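Trainee: Based on what follows, work out the 3D shape:
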Amino acid sequence: MRRLIAVALLGLACASPGLPPGGPPDVAAPQLIKVTPDSGTVGVRPKEVLFRFDEVVAERPPAATTLADLFLISPRNGVATASWHREVIGVKPSNGWRPNTAYTVIMQKGLADIRGNVRNTGAATFFSTGTIIPRTRIAGTVFDWVSGSPAAGALVESFVPPDSIHPYVAVADSNGAFLMEHMPAARYTIRSYVDRNKNLAIDPSEPWDSVSISLADSARTTLVIFTHDTIPPHIREVRATDSLSLVVSFDKPIDPSQTLTAANFAVIGPDSAPLAIVSAGPPPKDTTPKVNPAVPLPPAARPPARARADTVTVVKPVMPRPVPISEVVVKMQRPLTPKTAYRVRAIAIRGLLGKAGDSERVYTVPAPAPPPKQPATPATPPPT
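Mentor: Just a heads-up that it's a prediction; the model follows:
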């Protein structure tokens, strides 16, 4: 009997937990085949919302820290928790489902199977623990003010003050677009922020924006997030592009509504006398097309024999505010003296919150580069 038990244990130890060999490789991401409860169900209070797939999914997705990071529950009642049951994932709020509430449960893209095939699409379902589901929606776009581009991945919350603990939530997609549905008609505060540390709160270094909106059936809004820093911009660096031009870089973006002139800057020489400044303003826009030298240019293609009109129109979101700058070009009337230290002063420079301040930095003009050495001329041998 002891020998039989030892042989059985040895066989279990040698059994491979991997996939059986043979057959074509699986390159398809897991497909969602059912969600329980069904979308639109009312009067239910499930233990978990179950997402069932056609194969075993990975317990640790490659695109997220935990499985729960791929799911949102709107409105929030604590953090979303996710339990793994091979082909099924159960999702629920950590503080339970609230009564008489319409919920939307969102699965974001990034779920993978055990072979590493990742889903590039998400899914969503909605139901109510009460008897009605409001047919309302708030749509909008989130922009990053400093970069001037859509704020992909920004968290969006909507709540009726003072209850900010149970907000309706959404995540901005790659175009900055978001959508929240099934909310009771009311006046909402909508805020968006980049939750870098995943603590579901706005930290001082995180960009954010908020608006107030009245919702009856549907509404649309735009949020422009930025870091709400009360300290005005200060000079970070000064460099010269030529003998008459100084580029002054700031540690924070400048309010784009401020018109900068020569009066906002001073360049003071060693004798404490200010030098004449011709102009000061943003650097010229770079219109040169950017080419990656590591990527060869495609060969010229012949036109097709029959051209097909592209009927798909891609509308790019446009930010409603001008993009702020963080560099200013200061044009001098006379060239600066090499190997001389100057004090460069910025006066009343305004930040994005409207706070203005002065700053100063010492800049030493570098010595001119030595002329290149001429190659030695060989001596001409004397005539024989």
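Trainee: Could you chop the protein up by domain?
Mentor: 28-128, 137-225, 229-283+322-368 (automatic domain parsing).
Trainee: Show me the one of those domains that comes nearest residue 315.
Mentor: domain 137-225 (8.9 Å; C-beta to C-beta). Every residue, glycine included, has its C-beta placed from N, CA and C.
Trainee: pLDDT of that closest one, averaged?
Mentor: What domain 137-225 shows for mean pLDDT is 95.
Trainee: got the end-to-end distance for that domain?
Mentor: Domain 137-225 has an end-to-end distance of 21 Å (criterion: C-alpha to C-alpha, to the nearest Å).
Trainee: Kindly report the same for stretch 121-137.
Mentor: 21 Å.
Trainee: cool, stretch 104-121 as well?
Mentor: Terminal residues of stretch 104-121 are spaced 17 Å apart (C-alpha to C-alpha).
Trainee: Now do the buried residues in that stretch.
Mentor: Within stretch 104-121, the residues scored as buried using 16 or more other C-beta atoms under 10 Å are 104-108, 110-113, 117, 119.
Trainee: which of those residues lies closest to residue 217?
Mentor: Nearest to residue 217 among the buried residues of stretch 104-121: residue 104, at 16.8 Å, using C-beta to C-beta.
Trainee: what helix or strand is the closest one on?
Mentor: Assigned by DSSP states H and E, residue 104 falls within strand 102-107.
Trainee: Can you list the strands that that strand pairs with?
Mentor: Here strand 102-107 has these sheet partners by DSSP bridges: strand 71-74 (antiparallel), strand 123-128 (antiparallel).
Trainee: Any idea which of those gets closest to residue 196?
Mentor: Residue 196 lies closest to strand 71-74 among those, at 17.1 Å (C-beta to C-beta).
Trainee: heading toward the C-terminus, what's the first helix or strand past the closest one?
Mentor: strand 80-85.
Trainee: Only the buried residues of that next one, if you could.
Mentor: In terms of neighbour count (16+ other C-beta under 10 Å), strand 80-85 has its buried residues at 80-82.
Trainee: Quick one: list the elements packing against it.
Mentor: The contact analysis (3 or more C-beta pairs under 8 Å, 6 or more residues apart in numbering; DSSP states H and E) places strand 80-85 against strand 71-74, strand 88-93.
Trainee: JSON lines for those, including distance to residue 217, mean neighbour count and mean pLDDT?
Mentor: As requested, the helices and strands packed on strand 80-85 are arranged in JSON lines below (distance: least, C-beta to C-beta, whole Å; neighbours: other C-beta atoms under 10 Å; pLDDT from 0 to 100):
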{"stretch": "strand 71-74", "distance to residue 217": "18", "mean neighbour count": "23", "mean pLDDT": "96"}
{"stretch": "strand 88-93", "distance to residue 217": "27", "mean neighbour count": "20", "mean pLDDT": "97"}
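Trainee: Which among these is found nearest to residue 50?
Mentor: Closest approach to residue 50 among the helices and strands packed on strand 80-85 is made by strand 88-93 (5.5 Å; C-beta to C-beta).
Trainee: Each with direction, which strands does the closest one pair with?
Mentor: Here strand 88-93 has these sheet partners by DSSP bridges: strand 49-53 (antiparallel), strand 80-85 (antiparallel).
Trainee: Including distance to residue 282, could the helices and strands packed on strand 80-85 go into TSV?
Mentor: Output for those, formatted as TSV (distance: least, C-beta to C-beta, whole Å):
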stretch	distance to residue 282
strand 71-74	39
strand 88-93	48
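Trainee: quick one: which of the ones you listed is nearest residue 137?
Mentor: Here strand 71-74 is closest among the helices and strands packed on strand 80-85 (C-beta to C-beta), at 11.8 Å.
Trainee: okay if I get the strands paired with strand 88-93 as a markdown table plus distance to residue 167 and mean pLDDT?
Mentor: Formatted as a markdown table, the strands paired with strand 88-93 follow (distance: least, C-beta to C-beta, whole Å; pLDDT from 0 to 100):
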| stretch | distance to residue 167 | mean pLDDT |
| --- | --- | --- |
| strand 49-53 | 19 | 97 |
| strand 80-85 | 13 | 95 |
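Trainee: Using a markdown table, lay out these together with distance to residue 43.
Mentor: What follows is these, written out as a markdown table (distance: least, C-beta to C-beta, whole Å):
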| stretch | distance to residue 43 |
| --- | --- |
| strand 49-53 | 15 |
| strand 80-85 | 22 |
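Trainee: What strands flank the helix or strand where residue 139 lies, and is each parallel or antiparallel?
Mentor: Secondary structure assignment for residue 139, by DSSP H and E: strand 137-144. Strands that pair with strand 137-144, judged by DSSP bridges, come out as strand 149-150 (antiparallel), strand 177-181 (antiparallel), strand 218-225 (parallel).
Trainee: Packed most tightly, which of those would that be?
Mentor: Across the strands paired with strand 137-144, the average number of neighbours (mean count of other C-beta atoms under 10 Å) peaks for strand 177-181, which reaches a mean of 20.
Trainee: Quick check: which of the strands paired with strand 137-144 is nearest to residue 191?
Mentor: Of all the strands paired with strand 137-144, it is strand 218-225 that lies closest to residue 191, at 7.6 Å by C-beta to C-beta.
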